[in-house]
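> When you get a sec, could you give me coordinates for this:
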Amino acid sequence: MKKSILIIFSIVCLMGFSISCTTSEIPEWTAEGRIWFTSKDTTSFTFALYPDSASKVIEIPISLAGNLAGNDREIKISIASDFRNDSTKYKILSPTVIPKDSSNGYLKICVYKTANLNNARDTITFAIENSDQLVTGLSSYLKNSLIVYSKFVKPDWWTKTATYTLGRYTEMKLGVVFKVLGTITETPLCSDKAAKALNIYKLNKYCTDNGPFYDYDGELVKFAYGY
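Purely as a prediction, here's the structure:
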């Protein structure tokens, strides 16, 4: 009986060893070199941040999983949906590649400041496709939309809390924030109370010295509501 158990145990061990070896011989799916957009979030761009520019190049990052190569590998890009206004002008800067010895690349698009972007945003959606050199990876990351505009867009930090201090969001107000602080990616309502008070002071002083400014409905632009 003990001998039979020992034989069975040995067979099971051999089977496990065999399966392990077989699995290790299967190449990883990344070895082929698969690509996708690094983020599936929509890419937004506004010429409001670059008032003196007639065109701008936007870079959308692309990631590679797999072996690196000693040469540039071209990525095939297509337009997944193009609902743009006929007046909107853009150009994909070719070729789009994963550079040699790298696991990252960029889709580069040159967009032009056209008059229609003063009135409405425009959207172009790009897609990564299989090519002779690279194949697609994560299916939910194969498309990326670019939104272009010439005016300011409400930033994520302008929440209800920010509205209590800064008042309701308007493009005019955000323009003042950019003029005074040089950025709209970071909130002027920092955690440091002294720094926050200084920012609010600067915003209101700019309005006093250069205004008065009025919003689209005739309301006077000012900050520190409820502050």
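> Where do the strands of this structure begin and end?
Under the criterion DSSP state E, the chain contains strands at 34-37, 43-46, 55-65, 73-74, 76-82, 90-92, 97-98, 104-112, 122-129, 135-136, 143-149.
> nearest to I184, of the ones you listed?
Closest to I184 of these, according to Cβ to Cβ: strand 43-46, at 9.2 Å. All C-beta atoms are positioned from the backbone trio N, CA, C, and that covers glycine.
> next one: the closest one to chain centre, how far?
Centroid displacement of strand 43-46 relative to its chain, using Cα atoms, centre = their mean, to the nearest Å, is 8 Å.
> shouldn't W157 be in contact with E186?
Yes: using Cβ atoms under 8 Å, W157 makes contact with E186 at a distance of 7.4 Å.
> Now render the strands of the chain as TSV, adding distance to L181 and mean neighbour count.
Conversion of the strands of the chain to TSV gives the following (distance: least, Cβ to Cβ, whole Å; neighbours: other Cβ atoms under 10 Å):
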stretch	distance to L181	mean neighbour count
strand 34-37	31	22
strand 43-46	16	18
strand 55-65	21	16
strand 73-74	41	18
strand 76-82	36	14
strand 90-92	30	15
strand 97-98	37	21
strand 104-112	25	18
strand 122-129	28	19
strand 135-136	41	16
strand 143-149	20	19
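> A197: which of those strands is closest?
When the strands of the chain are compared (using Cβ to Cβ), the closest one is strand 43-46, at 28.6 Å.
> Show me what the mean pLDDT comes to for that closest one.
Within the predicted structure, the mean pLDDT of strand 43-46 is 91.
> For this structure, just list every one of the helices.
Using DSSP state H, the helices of the chain run over 2-25, 160-166, 171-181, 193-210.
> Now do the contacts for the residue nearest in space to the middle of the chain.
Taking Cα atoms, centre = their mean as the criterion, T43 is the residue nearest the geometric centre of the chain, at 4.2 Å. Residues touching T43, when contacts are defined by Cβ atoms under 8 Å, 6 or more residues apart in numbering, comprise 58, 60, 144-147.
> now D209
Taking Cβ under 8 Å, 6+ apart as the criterion, D209 is in contact with no other residue.
> could you measure it against E219, distance?
When Cβ to Cβ, to the nearest Å is applied, the distance between D209 and E219 equals 19 Å.
> go on, D52?
From D52 over to E219 (counting by Cβ to Cβ), the distance is 29 Å.
> of these two, who's got more company?
E219 (13 against 5; other Cβ atoms under 10 Å).
> quick one, phi psi at that one?
phi -80, psi 140 (degrees, to the nearest 10).
> any idea of the pLDDT on it?
Confidence at E219, expressed as pLDDT, is 87.
> same deal with M1?
According to the model, M1 carries a pLDDT of 50.
> Ok, K193 next?
89.
> can you list the domains in this protein?
Partitioning the chain according to automatic domain parsing yields domains covering residues 31-149, 152-227.
> Now do the last one: distance to the chain's middle.
In other words, domain 152-227. When distances are taken as Cα atoms, centre = their mean, domain 152-227 is centred 25 Å away from the chain's centroid.
> for stretch 55-65, same thing?
Once both centres are worked out by Cα atoms, centre = their mean, stretch 55-65 turns out to sit 9 Å from its chain's centre.
> Dump that stretch to CSV, restricted to CA.
Written as CSV, here are the backbone C-alpha positions of stretch 55-65 (Å, rounded to 0.1, in the frame of the first residue of the first chain):
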residue,chain,number,x,y,z
SER,A,55,0.0,76.5,-34.0
LYS,A,56,1.1,74.0,-31.4
VAL,A,57,2.3,70.4,-31.3
ILE,A,58,0.5,68.2,-28.8
GLU,A,59,2.1,64.9,-27.7
ILE,A,60,0.0,62.0,-26.7
PRO,A,61,2.2,59.3,-24.9
ILE,A,62,2.2,55.7,-26.1
SER,A,63,3.5,52.7,-24.1
LEU,A,64,5.2,49.5,-25.2
ALA,A,65,5.2,46.2,-23.4
